[in-house]
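Asker: Requesting a structural model of the entry that follows:
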Amino acid sequence: MVNLNCKVEVSNKAYQEWISQKKGPVFNTECDPLKADKNKTCPIALIRKVIETKHPVSEYISSPEGGYYYTHLYPVFDQTGKVIKVVHYVEDVTEKKRIEEQMAITEKLAAIGQLAAGIAHEINNPLGGIILCLDNVIRSSMDEKTKNQHIELINQGLSRIQNIIKVLLDFSRTTELNLRVCEVKDLIENVLKLINYYLKEKSIKLKIELEQNLSPVYLDSNKIEQVLLNLILNAVDAMENSEEKVLTIKVYHKDSKMFIEVSDTGSGIPPHVAEKVFDPFFTTKPLGKGTGLGLFISKSIVEQHGGKIWFTTSEKGTTFVVEIPLEGRRIHER
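Answerer: Numbers count the residues shown, from 1 in each chain. Sure thing, here's the model as predicted:
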């Protein structure tokens, strides 16, 4: 129990030990939370948020010693509804975080392996054009204008390859939750750069439905891209035997929340499978085709953003819905 001067009034033995060891995001000095930078992720700034919003706040916080903690602050009110104290709960999830990161790496590598042929094709196409243009420049006599046109085509091809490699490297990189201002449209485009050829190979018709005037939001772009890719790959697999193969990605805002929907036209998820889809290592794919970690990792990432993920299914297809709260995340246009 912490008062509004950040002074610990009552705590258990573990909390006292963490204070003495200077471990984790615990309160150990008096301060004024209303002077804290509310955009920072630290216990003092979180108290300010609780005071101002009168709602519980939960965040994952990393510490200088390399630990990773889940911290939750719950307001205590007086009879007039004013926040007078805060209950602070902290859990050391360092080991759990390490295991989840290893799982995420495994799932990323599996996804990249599944897309390898498409990525190679996306690189080989501009590479073939570059080789042809370069050969013409070296071996042929051409005027300055034609030569410049060839050089421009070479530059365009190199830029395309560089962009594909950048997206791939960004996707493969292991990172802590790194919130930054993002355009959801850009995240979708980045994922499609990796998967467009794969969709064409599978004869998938793609539909993108974006609400007009979507505001930029604070997200970890790398991790949300991983969620999108996992959901898209699952949707493609679900339509393997479908006559009509339509993948729909829909994004909209409602009630201070952002919703991302990924829908397929497959035959739906059977009840005995539906209850297990978010379990780690559960998969209906053949041996060697899936790790069973995609939806488990996606759920973990969405929850790190304070959101939820669920699905609806029928014999006409399945829709996975990612819900992320926009409070404190949306960046209003000037």
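Asker: quick one: the helices in the stretch 151-300 of the chain?
Answerer: Per DSSP state H, counting those that start in this stretch, the stretch 151-300 of the chain carries helices over the ranges 184-201, 221-238, 271-274, 294-304.
Asker: among the ones you listed, which is nearest residue 256?
Answerer: helix 184-201 (15.5 Å; CB to CB). C-beta: built from backbone N, CA, C; applies to glycine.
Asker: circling back: of the helices of the stretch 151-300 of the chain, give the one that comes closest to residue 250.
Answerer: Nearest of those to residue 250, taken as CB to CB: helix 184-201 at 10.4 Å.
Asker: Now do the closest one: distance to the chain's middle.
Answerer: Once both centres are worked out by CA atoms, centre = their mean, to the nearest Å, helix 184-201 turns out to sit 15 Å from its chain's centre.
Asker: so that helix versus helix 221-238, what angle?
Answerer: Using axes from the mean of the first three to the mean of the last three CA atoms, to 10 degrees, the direction of helix 184-201 lies 30 degrees away from that of helix 221-238.
Asker: If you count neighbours, what's buried in helix 184-201?
Answerer: Neighbour counts over helix 184-201 (16 or more other CB atoms under 10 Å) mark 184, 187-188, 190-199 as buried.
Asker: Same check on stretch 207-222?
Answerer: Result for stretch 207-222 [16+ other CB under 10 Å]: buried residues 216-222.
Asker: Based on its surroundings, how many neighbours for the closest residue to residue 26 other than its chain neighbours?
Answerer: In this structure, residue 26 finds its nearest non-sequential neighbour in residue 18, 4.9 Å apart by CB to CB, 6 or more residues apart in numbering. Residue 18: 18 surrounding residues under other CB atoms under 10 Å.
Asker: Doesn't residue 18 belong to a helix?
Answerer: Yes. Residue 18 forms part of a helix when assessed by DSSP: H, G, I helix; E, B strand; the rest coil.
Asker: Spatially central residue in this structure, please.
Answerer: Closest to where the C-alpha atoms of the chain average out (CA atoms, centre = their mean) is residue 224, at 1.8 Å.
Asker: if I pick the closest residue to it other than its chain neighbours, what's in contact with it?
Answerer: Distance criterion CB to CB, 6+ apart; nearest residue to residue 224, sequence neighbours excluded, is residue 187 at 5.7 Å. Contacts for residue 187 (CB atoms under 8 Å, 6 or more residues apart in numbering) come out as 219, 221, 224-225, 228.
Asker: Report the contact partners of residue 34.
Answerer: 48, 51.
Asker: ok, it to residue 48 distance?
Answerer: Remark: distance between residue 34 and residue 48 (CB to CB, to the nearest Å) = 6 Å.
Asker: still on that earlier bit, of all the buried residues of stretch 207-222, which comes closest to residue 56?
Answerer: Within the buried residues of stretch 207-222, the smallest distance to residue 56 is 19.4 Å, found for residue 218 (CB to CB).
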